[in-house]
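**Student:** here's my sequence, what's the structure:
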Amino acid sequence: MTGALLSVWFLATFGVSWFARDLQALTLLGFPFPFFMAAQGALLIYLLLVGFYAWRMGKLDKKYGVGEDA
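**Tutor:** Below is the predicted model:
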């Protein structure tokens, strides 16, 4: 799971930056895709990654009895 989340983080951070010129033709909400990712998209992805990680770790903690309320 950690490897998959790091892969998403890497693609959102470096993948879009590396291929920004190639992705310029794509638009999202009226903005060029690389601009949107730099301005807001990457931050939204980071928040989703942190939220998913916290949710999943909470479930695993409860499953193995090591949660904060255990």
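**Student:** sec struct for F52, please.
**Tutor:** helix (DSSP: H, G, I helix; E, B strand; the rest coil).
**Student:** against K63, how distant is A42?
**Tutor:** Note on A42: its distance to K63, by C-beta to C-beta, to the nearest Å, is 31 Å. Backbone N, C-alpha and C define where each C-beta goes, glycine included.
**Student:** more neighbours, those two?
**Tutor:** A42 (16 against 9; other C-beta atoms under 10 Å).
**Student:** surely that one touches F14?
**Tutor:** No: A42 is beyond contact range of F14, at 10.3 Å (criterion: C-beta atoms under 8 Å).
**Student:** quick one, helices of this structure?
**Tutor:** Along the chain, counting by DSSP state H, helices occupy 2-10, 16-18, 20-23, 33-36, 42-64.
**Student:** reformat these as a markdown table; add mean pLDDT.
**Tutor:** Conversion of the helices of the chain to a markdown table gives the following (pLDDT from 0 to 100):
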| stretch | mean pLDDT |
| --- | --- |
| helix 2-10 | 95 |
| helix 16-18 | 86 |
| helix 20-23 | 87 |
| helix 33-36 | 88 |
| helix 42-64 | 94 |
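**Student:** return the most buried member of those.
**Tutor:** Comparing the helices of the chain by mean neighbour count (mean count of other C-beta atoms under 10 Å), helix 33-36 ranks first with a mean of 18.
**Student:** could I have the CA atoms of that one written out in PDB?
**Tutor:** C-alpha atoms of helix 33-36 as PDB (Å, rounded to 0.1, in the frame of the first residue of the first chain):
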ATOM      1  CA  PHE A  33      -3.700  20.400 -17.200                       C
ATOM      2  CA  PRO A  34      -0.100  21.100 -16.000                       C
ATOM      3  CA  PHE A  35      -1.100  24.600 -14.700                       C
ATOM      4  CA  PHE A  36      -4.100  23.100 -12.900                       C
END
